[in-house]
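> have a look; sequence and predicted model below, questions after that.
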Amino acid sequence: MFRAYSRRVDRRLFSAINRWLAQRGDRTDPLKLRRFTASAEKASPEEFFSLSKRTRVELKRTSEYPLSYTFRFDSPLSSGYGENDLAQGEFFPKHHLSAPAVIVLSAWLEGTTDYSRLAHWIGLSGRNLWAMDLPYHGRRAPRETRSGELAITADVVRTLRAVRQAVCDARVLIRTLWELGSRDIAILGFSLGGWVGSLLALAEPKVSKALLLTPVVRPEELFLNSPLFSALRNGVREQDRVQVFNKLRHLFLPVHGMPVIDPERIHLIGAHEDPLAPPDSLRELSLGWGCGEDILPGGHITVYLTGRLWRRIFSLLHPNQSLRNWSGTP
């Protein structure tokens, strides 16, 4: 029953998103795509996602109870949209600044979210929570666009640039936490945030743990084959789609790279009925990297409704919990 319900929920939601994407009518400029590919194809992940300039992170208190701050900084990469190029997010200090931390990377199209309850439970797990808006999401959505509207579209160049910007922005935050004295920095990525988190694992050695939930580790499938997102193929020549993911697979497809952090610090969690992050893709990455993985009941959306998932998250995020051969019970 739950399996059929999970499939139905995902199908209805993704069909609606696909129709909306088709109405947008985005297109990929072939010349821009060739230039983007040519400038990136010979770079390593460490080079491609490197920080070319230092940027200062500003904190501003927004609430006394629960104690919370907003943070912001100039993104090291420019998109041409002023709102998007000011990286922003929230910080919930449950412990001192040098305590273990977790950076939350949200899912595609996620809007403004109240992270206070999640911060409470993560605080009980011994960490401070930093939630960063992904490019074009939340406070970074350009005027007259909805959260995430410009993040993944048939404009492949903008999509890949947004993902690159997300990785670089997360690295700025990681460097800041490191300078504050935190030496245990975990990544908690959901869906699109899981994809970003997997690319961080290819480039950022300061990550102590990466917990990736329903990560889209085969994003090229969305643009090449997925029946759920046919709109992403509109306005992009098939030859161009294939070439960009072939030439840049070491930068954007985690299954074609190896992490710079210990694979035993990485854990993948997927769902049996997930059409965007199918179990086979997670097992492929898990075997290639040598990291742990769990496949739970549910779909891409409904798995987040289960207490079992959240109990695993809080257990794995505990600073004293090793991910090595973890087989904890929910």
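That came in fine, so what should we check first? Numbers count the residues shown, from 1 in each chain.
> now do residue 129 against residue 68, distance only.
Separation of residue 129 from residue 68 (CB to CB, to the nearest Å): 9 Å. All C-beta atoms are positioned from the backbone trio N, CA, C, and that covers glycine.
> of the two, who's got more company?
residue 129 (26 against 18; other CB atoms under 10 Å).
> OK, contacts around the closest residue to that one other than its chain neighbours?
In space, and not counting its chain neighbours, residue 129 is closest to residue 119: 4.1 Å by CB to CB, 6 or more residues apart in numbering. Residues near residue 119 by CB atoms under 8 Å, 6 or more residues apart in numbering: 66, 68, 92, 94, 128, 129.
> helix or strand for the closest residue in space to the third one that isn't next to it in sequence, which one?
Among residues not flanking residue 92 along the chain, residue 119 sits closest, at 3.5 Å (CB to CB, 6+ apart). Counting by DSSP states H and E, the secondary-structure element that holds residue 119 is helix 116-124.
> pick out the residue nearest the middle of this structure.
Note on the chain: the residue nearest the mean C-alpha position is residue 193, at 1.3 Å, using CA atoms, centre = their mean.
> now the helix or strand harbouring that residue, how far from the chain's geometric center?
Residue 193 is part of helix 192-203, with elements assigned from DSSP H and E. With CA atoms, centre = their mean, to the nearest Å as the basis, helix 192-203 stands 6 Å off its chain's centre.
> who does that helix touch, helix- and strand-wise?
Under the contact criterion of 3 or more CB pairs under 8 Å, 6 or more residues apart in numbering; DSSP states H and E, helix 192-203 touches helix 45-48, strand 101-105, helix 156-179, strand 185-190, strand 207-213.
> can you redo those as a markdown table with distance to residue 294?
Formatted as a markdown table, these follow (distance: least, CB to CB, whole Å):
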| stretch | distance to residue 294 |
| --- | --- |
| helix 45-48 | 26 |
| strand 101-105 | 18 |
| helix 156-179 | 24 |
| strand 185-190 | 15 |
| strand 207-213 | 10 |
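> state the distance from residue 214 to residue 64.
Distance from residue 214 to residue 64, by CB to CB: 35 Å.
> who's more crowded, these two?
When residue 214 and residue 64 are compared on other CB under 10 Å, the one with more neighbours turns out to be residue 214, at 30 against 7.
> do you know how far residue 143 is from residue 109?
Counting by CB to CB, the gap from residue 143 to residue 109 is 17 Å.
> the more surrounded of those two?
Using other CB under 10 Å as the criterion, residue 143 and residue 109 rank with residue 109 on top: 18 against 7.
> hang on, that one packs against residue 141?
No: if you go by CB atoms under 8 Å, residue 109 and residue 141 don't touch, sitting 10.3 Å apart.
> intersection of neighbour lists for the two?
147, 148, 149.
> of the residues you listed, closest to residue 299?
The closest of these to residue 299 turns out to be residue 148 (CB to CB; 19.6 Å).
> leaving out the residues flanking it, which one is nearest to that closest one?
In space, residue 148 is closest to residue 109, 3.9 Å off (CB to CB, 6+ apart).
> from residue 255, how far off is that neighbour?
From residue 109 to residue 255 the distance is 24 Å (CB to CB).
> residue with max distance from the center of the protein?
residue 1 (29.9 Å).
> confidence score at the spatially closest residue to residue 169 that is not a sequence neighbour?
Excluding the flanking residues, the one nearest residue 169 by CB to CB, 6+ apart is residue 87, at 4.5 Å. pLDDT recorded at residue 87 is 97.
> now do residue 29
Per the predicted model, pLDDT is 94 at residue 29.
> swap in residue 306?
92.
> phi, psi of it?
Phi and psi for residue 306, reported as degrees, to the nearest 10, are phi -100, psi 130.
> run the chain-centre distance for stretch 219-239.
For stretch 219-239, the distance to the chain centre is 20 Å (CA atoms, centre = their mean).
> and if you look at stretch 122-133?
That offset, for stretch 122-133, works out to 16 Å (CA atoms, centre = their mean).
> hey, where'd the helices end up in this structure?
For the chain, the helices defined by DSSP state H occupy 2-24, 30-40, 45-48, 116-124, 156-179, 192-203, 220-224, 238-247, 249-252, 279-289, 307-317.
> buried deepest among these, which one?
For the helices of the chain, the largest average neighbour count (mean count of other CB atoms under 10 Å) is found in helix 192-203, namely a mean of 27.
> kindly export it (C-alpha atoms) in PDB.
Extracted C-alpha coordinates of helix 192-203, given in PDB (Å, rounded to 0.1, in the frame of the first residue of the first chain):
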ATOM      1  CA  LEU A 192      19.500  18.400  -5.100                       C
ATOM      2  CA  GLY A 193      21.400  19.200  -2.000                       C
ATOM      3  CA  GLY A 194      22.600  15.600  -2.000                       C
ATOM      4  CA  TRP A 195      24.000  16.000  -5.500                       C
ATOM      5  CA  VAL A 196      25.800  19.200  -4.300                       C
ATOM      6  CA  GLY A 197      27.000  17.300  -1.200                       C
ATOM      7  CA  SER A 198      28.400  14.500  -3.400                       C
ATOM      8  CA  LEU A 199      30.400  17.000  -5.400                       C
ATOM      9  CA  LEU A 200      31.700  18.600  -2.200                       C
ATOM     10  CA  ALA A 201      33.100  15.200  -1.300                       C
ATOM     11  CA  LEU A 202      35.100  15.400  -4.500                       C
ATOM     12  CA  ALA A 203      36.700  18.800  -3.700                       C
END
